[in-house]
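Student: With the sequence up front, the predicted model follows.
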Amino acid sequence: MGMGLRDRLRALLGAPTDLGALYHRRVIKGNAVDLGDLGRRVGVVAERLNRVRDPRPAKRAYVVSDLEYEAMTVPGQHVYVSHALARPLEHDAALAFVVAHALAHPALHHVMHRLATV
C-alpha cells in the first residue's frame, strides 16, 4: 500500500511541530517582536481564545514588525500578526477576529487541502 499525501509530506518535511519550531526561530530572528502594550493585548486575546477552542495545544500569539502575510499560524504553538495590521485595531474584538481567523486555517486543515490539489 502506498503512502498517502500526509505521510509523504511528513517524510519530506519532518514532524509538523519540528517545521513550526524551525519557522518560529526564523521569524523571531528576522523580526522585531512587540513586547509592549500591543504585544500584551494580542497575547491576552490569544489566551482567551485558547480557553474555548479546539484542538489543543494552546497557541502563543506574537506581533512582529515585518511579516510576509498580515496574520498566520504555523504547525506547533505560534500565531503571528503583523504590527501594521494589529496597530490600528482599537478593540480586542477586532484582534480576536484576526487571531481566530489565523487559528482556523490549521484547525480546518486548509494547508493540507491546498497541497492535495497541487
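Tutor: Received the coordinates, thanks.

Student: so how many other residues sit close to His78?
Tutor: The local packing of His78 (other Cβ atoms under 10 Å) involves 19 other residues. From N, CA and C alone the C-beta is placed, and that goes for glycine too.

Student: again, but for the one 5 residues further on
Tutor: His83 sits with 17 neighbouring residues when counted by other Cβ under 10 Å.

Student: Residue numbering should commence at 493 henceforth.
Tutor: Got it, the first residue is 493 from now on, which makes the last one we talked about His575.

Student: Is it correct that it is in contact with Val555?
Tutor: Yes: His575 sits in contact with Val555 when judged by Cβ atoms under 8 Å, with a separation of 5.4 Å.

Student: The residue nearest the centre of the chain: which element?
Tutor: Most central in the chain under Cα atoms, centre = their mean is Thr565, positioned 1.5 Å from the mean C-alpha point. Thr565 is part of strand 563-566, with elements assigned from DSSP states H and E.

Student: Following element in sequence after the lowest-mean-pLDDT helix or strand in the chain, please.
Tutor: The weakest-scoring helix or strand in the chain, judged by mean pLDDT, DSSP states H and E, is helix 497-505 (a mean of 58). Following helix 497-505 in sequence order, the next helix or strand is helix 508-522 (DSSP H and E).

Student: in a helix, that's where Asp546 is, yeah?
Tutor: No: under DSSP: H, G, I helix; E, B strand; the rest coil, Asp546 falls outside any helix and is assigned coil.

Student: ok, the nearest residue to Leu587 once chain neighbours are set aside to Ala586 distance?
Tutor: With Cβ to Cβ, 6 or more residues apart in numbering as the criterion, Leu587 has its nearest non-adjacent residue at 4.7 Å, and that residue is Val537. Distance from Val537 to Ala586, counting by Cβ to Cβ, to the nearest Å: 9 Å.

Student: Those two: who's more crowded?
Tutor: Using other Cβ under 10 Å as the criterion, Val537 and Ala586 rank with Val537 on top: 24 against 14.

Student: Quick one: residues contacting Ala588.
Tutor: Val537, Arg540, Leu541 (Cβ atoms under 8 Å, 6 or more residues apart in numbering).
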